[in-house]
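1. show me how the following folds:
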Amino acid sequence: MNYEIKTNCTACGTCVQVCPVNAIELIESNGEKIPQIDLSKCVGCGACMESCPVNAIIINDSNQSNIWTDEKISSIDRKSKTGEVSVRGTSTRRKLPDFDDLVLRSAQVSRPPIDHYRESCETKVELGARYAENPLELQIPIYIGAISFGAASKEAKIALAKGTREAGSAVNTGEGGMLKEEREYSDKLIAQYASGRFGVSADYLQSADAIEIKIGQGAKPGQGGLLMAEKVVGEITEIRGIPKETDLISPARHMDIVGPEDLKMKIRQLREISDWKVPIIVKFAPGRIEEDIKIAAKAGADVILLDGMQGGTGAAPDVTLEHAGIPTLAATNIASKALTDVGLSDEVDLVISGGITSGADA
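-> Sure, this is the predicted structure:
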């Protein structure tokens, strides 16, 4: 057991008073009184920590089971009382290999560094030139991933659209349809084509600068989604084209895509609708990475987006967030090699997402 008293302790003596086994006493040290604990007496009840008025006491049980952690016990208790699984947003909390595990080697003599005060540094990138008449041209190699209206507010969606215009980048509608303001304020807009097909129409697809077929999502691979009826109100019903107060269910897969040939036909269908003008992106969560990458590439995708386990979501079962999927870093090298194996690494662009939190990651 690790017992720590922080520097903000006021030596009020509350911990001494509440300790049931008299394991704490105030002692003189450098003219000041400080609490001191006798660990041979301490039973780890936590009464001192809970009673401290300034939260100056920290107790860590170093002998805690790695299997039956406090978090797991609390989860079982909560499920037994509610009869429901734990559902939350954002992404996994477990420690996974991530971009902070990478360091970059710098240019010195063999490749001199760019003097950015006097020399230009180009960051432009072009995505989807394989078949699209108008590839997606970005000023920076980063764009905003799919966030649907409903998962994010209208104000947030508009802010993202304006921000990407300023940065010379792109934003994704997500699976909830397209806000007219989102199209108005963004420079490059990617329309997502997901299993629920909410808000999808010919106009929706033809007004986009790229179309993304969402096969899967890194935060909840192999699962669809559910937007509860009480959230389906107001403008959300209009954008998604669904009656108000109706449960919106996104199937775990596209019901008309069950194999490689179906995906090929779907890509061709979307190309015809968009008059071959914009790139077709295929997005999935890493699972059987080599097989999936090769299938998508051979099916005619211009861009493949691999959304790793650290990807975000508006809502997903906690067990899925923590235990399903493959980390982004681990999947990236496998995906790149798969494209090389089929001789398409120069034709199909590979984009990764999930766990990119800063400029250093990007």
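
2. switch to C-alpha atoms for all contacts and neighbour counts from now on
-> Fine.

3. quickly note the distance from I140 to R130.
-> Distance from I140 to R130, counting by CA to CA, to the nearest Å: 20 Å.

4. next one: stretch 193-209 to chain centre, how far?
-> Distance of stretch 193-209 from the chain centroid (CA atoms, centre = their mean, to the nearest Å) equals 22 Å.

5. distance between the ends of that stretch?
-> End-to-end distance of stretch 193-209 (CA to CA): 13 Å.

6. can you give me the buried ones in that stretch?
-> For stretch 193-209, burial by neighbour count (16 or more other CA atoms under 10 Å) applies to 193-200, 204-209.

7. quick one: low-confidence residue ranges for this structure.
-> Low-confidence segments of the chain (pLDDT under 70): 1, 61-66.

8. all helices of it, in order?
-> 14-18, 47-51, 70-82, 154-167, 180-185, 202-206, 235-240, 260-273, 289-298, 318-323, 328-341 (DSSP state H).

9. in CSV: these, plus distance to T92.
-> As requested, these are exported to CSV (distance: least, CA to CA, whole Å):
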stretch, distance to T92
helix 14-18, 36
helix 47-51, 29
helix 70-82, 14
helix 154-167, 23
helix 180-185, 29
helix 202-206, 32
helix 235-240, 27
helix 260-273, 29
helix 289-298, 20
helix 318-323, 5
helix 328-341, 12
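
10. and the nearest residue to Q217 once chain neighbours are set aside, how many neighbours?
-> Once its chain neighbours are removed from consideration, Q217 has its nearest residue in A285; the separation is 5.0 Å (CA to CA, 6 or more residues apart in numbering). A count of nearby residues for A285, using other CA atoms under 10 Å, gives 29.

11. isn't A285 up against L306?
-> Yes - counting by CA atoms under 8 Å, a contact exists between A285 and L306, whose distance comes to 5.8 Å.

12. shared neighbours, the two?
-> G218 (CA atoms under 8 Å, 6 or more residues apart in numbering).

13. list of residues touching stretch 234-246?
-> Applying CA under 8 Å, 6+ apart, the contact partners of stretch 234-246 are 149-150, 176-179, 198-200, 228-233.

14. so which of these sit within strands?
-> Taking DSSP state E, every one of these sits outside strands.

15. would you list the buried entries among the residues you listed?
-> A residue is treated as buried here by neighbour count (16+ other CA under 10 Å); on that basis the buried members of these are F149, G150, G176, G177, M178, L179, F198, G199, V200, K231, V232.

16. could you work out the most separated pair of those?
-> V200 and K231 (19.6 Å; CA to CA).

17. quickly list the domain ranges of this structure.
-> Domains of the chain are assigned by automatic domain parsing as 2-60, 99-353.

18. end-to-end on the shortest one?
-> It stands for domain 2-60. With CA to CA applied, domain 2-60 spans 5 Å between its terminal residues.

19. please renumber so the chain begins at 140
-> Got it, the first residue is 140 from now on, which makes the last one we talked about domain 141-199.

20. so how far is that domain from its chain's centroid?
-> Using CA atoms, centre = their mean, the distance from the centre of domain 141-199 to the centre of the chain it belongs to is 41 Å.
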